[in-house]
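Novice: Let me see the structure of the following:
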Amino acid sequence: MAATSESVIVTWQRPGNENGRIVKFHVYIRILDHGSGREIRTVKKTVPPSTWNYEVTDLKRREAYEAWVTAETRIGEGARSSSVSFTPSSMGKKYTHRKEHDYSPFSPISFSFL
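Specialist: Predicted structure coming up:
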C-alpha cells in the first residue's frame, strides 16, 4: 500500500438466519463520483467463510463509497446486508450502520478507518 493511500476495514457478523452452511462471503464496494453521485463501478471481492472482515485500500478523496455483504451457500448467494455509505474525508471515525427496521440477514455492518 502506498504511503498516501487510505483504507477502511469492512466487518460483519454471521447472518441470523442461515440457509445452509456458508461457503463464502462476497463484499461489494460501489464507487461513486463524490460530486455527482454517479456510479463509477462496483467491485465484488470474495472471502472465505472463516473471514469476518475485508480491507478496502486506495480510497480516493474525490470518490464516495457504498458497501454491503452477502453470504453464499452451496445453493447460491443470499440476500444482501444493509449498505453503508462512507467517504475518505471521514477518516478517523468508526461507523456502524443499522436501520431501525432492518430485516437484512447481516446486522450490523461496520467500518473502521485506518
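Novice: Show me what the residue nearest the centre of the chain is bridged to.
Specialist: By CA atoms, centre = their mean, the chain has its centre lying nearest to Ala67, at 3.4 Å. Ala67 has these beta-bridge partners by DSSP bridges: Ile29, Val84.
Novice: thought it was touching Ile29?
Specialist: Yes: counting by CB atoms under 8 Å, Ile29 is a contact partner of Ala67 at 5.2 Å. C-beta: built from backbone N, CA, C; applies to glycine.
Novice: that older thread, let me know the pLDDT of the residue nearest to the centre of the chain.
Specialist: For Ala67, the model assigns a pLDDT of 90.
Novice: if I look at Glu63, how far off is Val47?
Specialist: According to CB to CB, to the nearest Å, Glu63 stands 22 Å off from Val47.
Novice: again, but for Gly78
Specialist: 15 Å.
Novice: These two: which has the busier surroundings?
Specialist: Gly78 (22 against 15; other CB atoms under 10 Å).
Novice: That one against Gly16, yeah?
Specialist: No: the pair Gly78 / Gly16 is not scored as a contact, 11.6 Å apart, by CB under 8 Å.
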